[in-house]
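**Q** 3D, please:
(one chain, ligands or ions: 2)
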Amino acid sequence: MSFPDRWDDGLDPSTPEHQVHWYDDRTAIIRQSLRTNFEGPFLYLLLGTTHALLLDTGTGDVPLRPLVERLAGVRELVVAHTHGHGDHVGGDPEFPEAVGRSAEDVARYFGFADWPNGVRQLDLGGRVLDVVAIPGHHASHLALYDRDTRILFTGDSLYPGRLYVFDWPAYRASIARLGEFVAGGKPVEWVLGAHIEMTAEPGKDYEMGADQHPGEHVLQLRPAVLTELIDVLAEAGADPVRIERDDFIVYPV
Ligand SMILES: [Zn+2]
Ligand SMILES: [Zn+2]
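**A** Residues are numbered from 1 along each chain as shown. Ligands and ions are numbered 1, 2, ... in the order given. Below is the predicted model:
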């Protein structure tokens, strides 16, 4: 289990369009190069025995399906999204099997009877993911917990960068619920989001739209960072407020 020393930071024009790193032999982390789109989103491919889950399809600026098919092998592909923003669903035209983008589509697919409450499961064959609805950054936002690796995938709701909050009450409630889910017996090894927008210098982010990230913050966050987010949101109260921390910036919009 490992992370690379450095992700494609947009500085080297000779890097491939996607950087693939195997965290373990069933978990691929894919970064779409900042050269192809300044968002430089992270995508995840999780392999079970029968199915492979592609979590997010990137911005759509570069072909993705051939890479995913090569990595997934004979497994049946499940394509879902952390949420419906364009930089995470842009590759969907290559994946007609992708789950829809609206909260209604996502609730129906995963079987949420009382969205966003409850926890659903996705079984990839010997590998079960828990699915938690966490609207706030986007109405259809999900967090996924991998029981095997104990990785919590948090999309654009928690990553080292600007956490844009479009619906403050929903976001606060969602992060609190995610905290309860974890506290209820789901130990987290790493929190992995969908972007890096912070530098390695505590609290310092890149300019918006920067397509070069010299000296990036690492992707992986310790579970203490989730606890920190839960705490600062609880303290913040009902009115939206910008909160700058070492590893993230809560950014109401
Ligand atoms: Zn987003
Ligand atoms: Zn995004």
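**Q** Does residue 124 touch residue 45 like I think?
**A** No. Contact criterion C-beta atoms under 8 Å: residue 124 and residue 45 do not qualify, at 10.6 Å. Every C-beta, even on glycine, is put in place using the N, C-alpha and C of the backbone.
**Q** what touches both of those two?
**A** 52, 53 (C-beta atoms under 8 Å, 6 or more residues apart in numbering).
**Q** near ligand 2, which residues of this structure?
**A** Within the chain, the residues that sit near ligand 2 (C-beta under 5 Å from the ion) are 87, 156.
**Q** where exactly do the helices run in the chain?
**A** Counting by DSSP state H, the chain has these helices, from start to end: 65-72, 86-89, 103-110, 168-183, 223-236.
**Q** and the fourth one, what does it pack onto?
**A** Using 3 or more C-beta pairs under 8 Å, 6 or more residues apart in numbering; DSSP states H and E as the contact criterion, the secondary-structure elements in contact with helix 168-183 are strand 128-133, strand 142-146, strand 151-155, helix 223-236.
**Q** burial of residue 108, as a residue count?
**A** 13 (other C-beta atoms under 10 Å).
**Q** Same question for residue 184.
**A** Using other C-beta under 10 Å, residue 184 is surrounded by 8 other residues.
**Q** Please tabulate the helices of the chain in a markdown table and include mean pLDDT and distance to residue 128 as additional columns.
**A** Converted to a markdown table, those look like this (pLDDT from 0 to 100; distance: least, C-beta to C-beta, whole Å):
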| stretch | mean pLDDT | distance to residue 128 |
| --- | --- | --- |
| helix 65-72 | 98 | 18 |
| helix 86-89 | 98 | 23 |
| helix 103-110 | 98 | 13 |
| helix 168-183 | 98 | 14 |
| helix 223-236 | 97 | 19 |
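**Q** nearest to residue 155, of the ones you listed?
**A** helix 86-89 (7.2 Å; C-beta to C-beta).
**Q** contacting residues around that closest one?
**A** With contacts defined as C-beta under 8 Å, 6+ apart, helix 86-89 is touched by 37, 39, 41, 56-60, 81-82, 98, 101, 155-156, 194.
**Q** Show me which of those is closest to ligand 2.
**A** The closest of these to ligand 2 turns out to be residue 156 (C-beta to the ion; 4.4 Å).
**Q** was I right about the closest one contacting residue 195?
**A** Yes. Using C-beta under 8 Å, residue 156 makes contact with residue 195 at a distance of 6.8 Å.
**Q** out of the two, which sits in the busier spot?
**A** When neighbours are counted by other C-beta under 10 Å, residue 156 and residue 195 differ, and residue 156 comes out ahead with 25 against 20.
**Q** Find me the pLDDT at that one, would you?
**A** For residue 156, the model assigns a pLDDT of 98.
**Q** so residue 21 bridges to which residues?
**A** Applying DSSP bridges to residue 21 gives these bridge partners: residue 29.
**Q** how close does it get to residue 242?
**A** Distance of residue 21 to residue 242, given as C-beta to C-beta, to the nearest Å: 32 Å.
**Q** the more surrounded of the two?
**A** residue 21 (15 against 12).
**Q** Okay, residue 92 and ligand 2: tell me how far apart.
**A** Residue 92 sits at a distance of 14 Å from ligand 2 (criterion: C-beta to the ion, to the nearest Å).
**Q** List the contacts of stretch 206-219.
**A** So stretch 206-219 is in contact with 3, 6-7, 9-11, 29, 34-35, 37-38, 40, 42, 159-162, 192-193, 196-201, 247, going by C-beta under 8 Å, 6+ apart.
**Q** Many thanks, we can stop here.
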